[in-house]
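Visitor: Whatever this is, show me its structure:
(2 chains)
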Amino acid sequence: MTNQNTISRESDLSGGEYKWGFVTDVETDLAPKGLSEDIVRLISAKKEEPEWLLEWRLKAYRHWVELEAADAEPKWAMIDYPGIDFQDIYYYAAPKGTSEAPKSLDDVDPEMLETFEKLGIPLQERAALAGVAVDAVFDSVSVATTMEKQLGELGIIFCSFSEAVKNHPDLVKKYLGSVVPYTDNFFATLNAAVFSDGSFAYIPPGVKCPIELMTYFRINTEGSGQFERTLIVADKGAYVSYLEGCTAPFRKTSQLHAATVELVALDDAEIKYSTIQNWFPGTKDGEGGVYNFVTKRGRADTNAKISWTQVETGSAITWKYPSVILKGDNSVGEFFSVALANNHQQADTGTKMIHIGKNTKSTIVSKGISAGKGNNTYRGQVQIMPGAENAVNHTQCDSLLVGDQCGAHTVPYIEVRNPTARLEHEASTSKVSDDQLFYLMARGLSEEEAHHMIITGWSRDVIKELPFEFALEAGQLLKVSLEGAVG
Amino acid sequence: MLEINNLHASVVDIDDSEILKGIDLKVNKGEVHAIMGPNGSGKSTLANVLMGRPDYEVTDGDVTFNGDSIIELAPDQRAHLGMFLAFQYPAEIPGVRPWQFLKAALDSKAEARGEEKMSVRNFSKLFDEKVEAVGINPTLVKRSLNEGFSGGEKKRNEMLQLEVLQPALAILDETDSGLDVDALRIVAEGVNSMRSPERSFIVVTHYQRLLNYIEPDVVHILVKGKIVKTGGPELALEVEKDGYKTYLDAAAAGANA
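Guide: Predicted coordinates:
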């Protein structure tokens, strides 16, 4: 079947609403379904990993088996889904011919490049022109990393996780699991056992990365899980802005995505991490879609800053709490989020800000949009530890309802163990008002345009935190994701 | 240009809520009509029904614009035909800049009419000119649309939109309410400068004050959902002197008869 045919068939099914639902015909190298110690060994062997990493994976796997036996899959989130059969998932799916990583773009399957073309990823020269270095993870294997050489001249390492294991084992060994240990939680433990690829970035001391680093993730194979692992280390005084985008084809069966991201900002370093998450959200009737269970956490040392910005429009289920451990004195943590739940989507997302150092400061701005029968929950934790003198947190969480069958919930946890802390929490819930709609329509905007303008305006505080190209894409995504919710 | 025949309108989903009880009105090209009336007479309702506000339901009669009925049209379609409503209480839209909003409005109109969209450069130039002409504080238009604007600033912002969109028919819904004399003069100057043989205005007002600055061709007195008297500019002066009492008494007597 040609790609073209695949696309039209898929869009018929989706009613033309999810524009990234195409499937790419590439031969795939699949490990058998299901999870066992053998599969973990197989993944590690396929990747020619060193012994210490295999051992780490196996420890994680054994811990996960215990967790599963104890029924420790987290149940506290406000999400409702049929149980996941962890034995019915492919834990390793690699496009054939990539058992040896491509040496250059010429070695990459042209159909795959076409896929990325469709996704609008600026590979090849476009990457350089756009000033973006891209690492694209297709199913489980990283297919091309651009601008590696240019970055190399500054001592910046930006490559797939697998390559990092081969070429920079000391760095990986030092930081892997240092922020999210393999025992952290059910899904992070699973990820530690079976993660197949992901991105790695290291910025040497004092270097400001001159371009935005970007990873694009895509799930292609039916019935496969995606378990990527990203590790970013900004050494003392370094700066990096990192972007992450994701899509998946239209599938009537659900797909599991359990990723882990670890950020390490050493003294005086800054990491800005932006995500546009547009995994397949399922059909209008709630069939299929990606189950997105993600653990993201960063550690900020003295005077360091970590900033998470996310626009979450995809996935049937989003379970995700990008967090910052404010370990060093004067460190800063930020979380800016727009999460949209339309049709039958369910999002339970927020952040954790753990204040350990003195004079630490965190800011949380969360915007939840609920439409259709969608359910959106903000869940956030602000913890001030006893030694965190003069810690400051400002939290603002706003909910916007479109229609009368959706839900918005706010679940803040606040724990203060030092009396000098100052915390502010603001929350609001609003609807797109008839007055606003009529006002815009009376000036000539269609009902859909009017909704879109009101919603993007309302999300502006978050979207303006995104790098420019991403901000445009985010606005478009919000628009497309809301189609059918209004009118 | 605009013809209203026996227009009846009620609040949607509320029984016995008829507000407009048979309105007849004809506005020719180039004319300025004033609609005056006491509180609760249905002036604002009329303005909103003409623009298609979904809170109201037309139960009888018809409204035509350039010969075609517009009753079934959505507000945006009426805007594309060249109708404009300056709101009494403009809505606040957080995070949306007036510039962005007006560009989108112009673009929608151009698209609906199959015309070419104005370039960003030309639009910016036009926008800046109009901001100055209307006397809006330029820092205001960098903020969210109407958010935190004073009453007067909101009205000036309505005039800015009027000037940029250049409609064929502008309906001003109590644009004078809450304005000081200076702001009132600016609004009136804006309207007067836009008067042309091709453009019509319906000015809805409670007080005669605004009509000192905008001289209407025709004045209508609206009481309890009906036009009870139509005349020239002198009618407004009469109301200024005697108030609406005579009309209200007559309407009450009529209702009791």
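
Visitor: for A:E68, phi and psi?
Guide: phi -70, psi -40 (degrees, to the nearest 10).

Visitor: For it, list the residues it contacts.
Guide: By CB atoms under 8 Å, 6 or more residues apart in numbering or on different chains, the residues touching A:E68 are A:F86, A:F186. C-betas here are computed from N, CA, C, even on glycine.

Visitor: can you rerun that using 7 Å?
Guide: Applying CB atoms under 7 Å, 6 or more residues apart in numbering or on different chains to A:E68 gives no contacts.

Visitor: got it, and the one 10 residues further on?
Guide: For A:M78, the residues meeting the contact criterion (CB under 7 Å, 6+ apart) are A:D348, A:N375, A:T377, A:H409.

Visitor: repeat that for 10 Å
Guide: A:W319, A:Q346, A:A347, A:D348, A:N375, A:N376, A:T377, A:R379, A:G407, A:H409, A:V411 (CB atoms under 10 Å, 6 or more residues apart in numbering or on different chains).

Visitor: What is the nearest of the residues you listed to chain B?
Guide: A:N376 (18.5 Å; CB to the nearest CB).

Visitor: out of everything not next to it in sequence, what's closest to the closest one?
Guide: What sits nearest to A:N376 in space, not counting adjacent residues and going by CB to CB, 6 or more residues apart in numbering or on different chains, is A:G368, at 4.0 Å.

Visitor: Over to that neighbour: give its phi and psi.
Guide: According to degrees, to the nearest 10, A:G368 has phi -110, psi 130.

Visitor: Next: B:I221.
Guide: Torsion angles, degrees, to the nearest 10, at B:I221: phi -110, psi 120.

Visitor: What's the separation between it and B:V191?
Guide: Distance of B:I221 to B:V191, computed by CB to CB, to the nearest Å: 21 Å.

Visitor: A:T313 too?
Guide: 44 Å.

Visitor: more crowded one of the two?
Guide: A:T313 (26 against 23; other CB atoms under 10 Å in any protein chain shown).

Visitor: excluding its backbone neighbours, what's nearest the more buried one?
Guide: Nearest to A:T313 is A:S481, by CB to CB, 6+ apart, at 4.2 Å.

Visitor: thinking the one you found is in contact with A:N278, fair?
Guide: Yes: contact between A:S481 and A:N278 holds when scored by CB atoms under 10 Å: they sit 7.9 Å apart.

Visitor: Need the overlap of contacts for those two.
Guide: A:Y18, A:V311, A:E312, A:T313, A:G314.

Visitor: So which of these belong to strands?
Guide: A:V311, A:E312 (DSSP state E).

Visitor: For the shared contacts of A:S481 and A:N278, which single residue is the most surrounded?
Guide: Neighbour tally across those (other CB under 10 Å): the maximum, 30 neighbours, falls on A:V311.

Visitor: which residues pair with it across the strands?
Guide: A:I276, A:V338 (DSSP bridges).

Visitor: Enumerate every residue touching it.
Guide: A:V311 is in contact with A:245, A:274-278, A:336-340, A:367, A:459, A:462-463, A:465-466, A:470-471, A:473-475, A:477-478, A:481, counting by CB under 10 Å, 6+ apart.

Visitor: Using PyMOL, define a selection of the buried residues within these.
Guide: Here is the PyMOL command that selects the buried residues among the contacts of A:V311 (16 or more other CB atoms under 10 Å in any protein chain shown):
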select buried, chain A and resi 245+274+275+276+277+278+336+337+338+339+340+367+459+462+463+465+466+470+471+473+474+475+477+478+481
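
Visitor: buried stuff in stretch A:316-335?
Guide: For stretch A:316-335, by 16+ other CB under 10 Å, it's A:316-335.

Visitor: Among those residues, which ones are in strands?
Guide: Of these, the ones assigned to strands by DSSP E are A:I317, A:T318, A:W319, A:K320, A:S323, A:V324, A:I325, A:L326, A:V332, A:G333, A:E334, A:F335.

Visitor: any idea how far chain B is from the second one?
Guide: Right, the one you point to is A:T318. Computed as CB to the nearest CB, to the nearest Å, the A:T318 to chain B distance reads 23 Å.

Visitor: and the residue lying closest to that residue once chain neighbours are set aside, helix, strand or coil?
Guide: Spatially, and ignoring its direct neighbours in sequence, A:T318 is nearest to A:A347 (4.2 Å; CB to CB, 6+ apart). Following DSSP: H, G, I helix; E, B strand; the rest coil, the label given to A:A347 is strand.

Visitor: Report the contact partners of A:A347.
Guide: A:A347 touches A:77-79, A:277, A:292, A:312-320, A:337, A:339-341, A:368-370, A:374-379, counting by CB under 10 Å, 6+ apart.

Visitor: Could you count how many residues lie near the residue of the stretch 51-200 of chain B found nearest chain A?
Guide: Minimum separation of the stretch 51-200 of chain B from chain A (CB to the nearest CB) falls at B:G95, amounting to 3.2 Å. B:G95: 20 surrounding residues under other CB under 10 Å.

Visitor: Would you mind giving the secondary structure of it?
Guide: At B:G95, secondary structure determined by three-state DSSP is coil.

Visitor: in terms of contact, does it touch A:I463 like I think?
Guide: Yes: under the criterion of CB under 10 Å, B:G95 makes contact with A:I463 at 8.7 Å.

Visitor: shared neighbours of these two, which are they?
Guide: Common neighbours of B:G95 and A:I463 (CB under 10 Å, 6+ apart) are A:T456, A:G457.
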